[in-house]
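Colleague: Based on what follows, work out the 3D shape:
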Amino acid sequence: MPKYNNPRKTWQYENEFKVKSVQLSLLDGVQVQELAKTLEIHPFMLSRWRKEYRERKIVADKRKKVTDIQKQQKEMSALKTLKAENAKLKQENDLPKKVATVSCGGTSTRYRFIQRYGQELGIKALCSWLGVSRSGYYGWRNRQPSDRAIEDGELLRRIRAIYDANKGRYGSPRVYRALKKQGFAVGQKRVARLMRENSMVARVVKVTRRAPGSRRFLASGENLRPDGGVPVATNRVWVADVTYLKVQHRWYYLSVVMDLYSRAVVGWSLDESRTTSTTKRTLLSAISKRCPQPGLMMHTDRGVEYRGGEYQAVLKRNGIAHSLSRPGQCTDNAHMESFFHSLKAELIRGRVFRDASELRYALAGYINNYYNRTRLRSGIGYHSPMEYEQLAA
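Modeller: A predicted model of the protein is given here:
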């Protein structure tokens, strides 16, 4: 047996010697340090052998040793197996829900569903659930595409181009109208089907309106448009309102003036406070751009920012009559409420702004370039506000 007296040389011990040394150290009354001294090995070495013996890195017979890598591989293999089984069970649970969406469709609709989800859920299971044969499905899949399918593919490319150009803000009605404006004769239900099959859904969020601070209303003033009618020309009726937007835990107030005839935003401003100065600046901007003739009506709510002396002076100086919504009746100014809903759903919600400058830049792009010039409004025959004014000129 070699001696442990030459630190310059690494001694190689047989597996059998290691096993017997460990077994001796496990006997009652045997101390590791005394045994190591007797065997002429270092106590730390014997302790390491004991640990490897417990971990089955050294064994008493000729079986293959178990290493850390092998243990990890076995554990990873078992984990992958469990994940695969869980995924399969989840697919089996979700299968009836997905199949229910096409269970009433025709054979071609079912085949398209199988083609889309076959790799994920299994072709055999889907064919069984949908009541079609696998041979029929494979025959349909290997068949040359029909003229209708080729047309659907080309139409889908155009639909996706419109959808992407509007950043996912258009649903099937507006996409259908946009296609008609481009000269394509296509049915609205066909557009809706292709969008539904390809998971193209317009951005729709629930927008709530709750003032961040107290708001006072003045009782004086009357509603000059009780029927809520729409004017027949530009610069006849303007509507205005203020909404609030939050940036980095701080409120900012967006004041907007809209021409009710074309739904065009003719003036807007963003400020840190909700005062008469904010709404006055917005009104002056709109007057400067549109140069309205006397007789214009301005409809707002009864907030103090519209009933202040400075604001009233501007209205009087420019011959503008002031109409006020009834207290607690937000529907009297429904067109502005609709605009704010679209703005928040399509631009604000789900987006984080670093500061007011970034918010102001985004608002300018949305209002001046997209909303006024491009976005189709259903209330004006699916035209953009600027296009609608040009058609009426």
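Colleague: for the protein, which spans come out with low pLDDT?
Modeller: 1-11, 61-73, 88, 91-105, 204-220 (pLDDT under 70).
Colleague: As a check, name the ranges of all strands in it.
Modeller: All strands of the chain, identified by DSSP state E, fall at 237-247, 250-259, 264-271, 297-300, 321-324.
Colleague: what distance separates the longest one from the centre of its chain?
Modeller: The chain centroid and the centroid of strand 237-247 are separated by 25 Å, computed with C-alpha atoms, centre = their mean, to the nearest Å.
Colleague: just stretch 358-370 next, same as before
Modeller: Distance, centroid of stretch 358-370 to centroid of chain: 20 Å (C-alpha atoms, centre = their mean).
Colleague: now swap in stretch 313-332 and tell me
Modeller: 38 Å.
Colleague: Ok, stretch 156-172 next?
Modeller: Centroid displacement of stretch 156-172 relative to its chain, using C-alpha atoms, centre = their mean, is 16 Å.
Colleague: Need the contact partners of that stretch.
Modeller: 174-175, 178-179, 182, 184, 188, 191-192, 194-196, 198, 200-204, 346, 374-376 (C-beta atoms under 8 Å, 6 or more residues apart in numbering). Just so you know, the C-beta spots here come from the backbone N, C-alpha and C atoms, and that holds for glycine as well.
Colleague: Can I have the buried ones of those as a PyMOL selection?
Modeller: To isolate the buried members of those in PyMOL, using 16 or more other C-beta atoms under 10 Å:
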select buried, resi 174+175+178+179+191+192+194+195+200+202+203+346+375+376
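Colleague: what about the helices in the stretch 201-350 of the chain?
Modeller: For the stretch 201-350 of the chain, the helices defined by DSSP state H, counting those that start in this stretch cover 276-290, 304-307, 309-317, 334-343.
Colleague: Kindly reformat those as JSON lines containing distance to A87.
Modeller: Shown next, in JSON lines, are these (distance: least, C-beta to C-beta, whole Å):
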{"stretch": "helix 276-290", "distance to A87": "55"}
{"stretch": "helix 304-307", "distance to A87": "57"}
{"stretch": "helix 309-317", "distance to A87": "63"}
{"stretch": "helix 334-343", "distance to A87": "40"}
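Colleague: For these, please prepare a markdown table with the additional fields mean neighbour count and distance to P43.
Modeller: Output for the helices of the stretch 201-350 of the chain, formatted as a markdown table (neighbours: other C-beta atoms under 10 Å; distance: least, C-beta to C-beta, whole Å):
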| stretch | mean neighbour count | distance to P43 |
| --- | --- | --- |
| helix 276-290 | 19 | 83 |
| helix 304-307 | 21 | 86 |
| helix 309-317 | 14 | 92 |
| helix 334-343 | 18 | 77 |
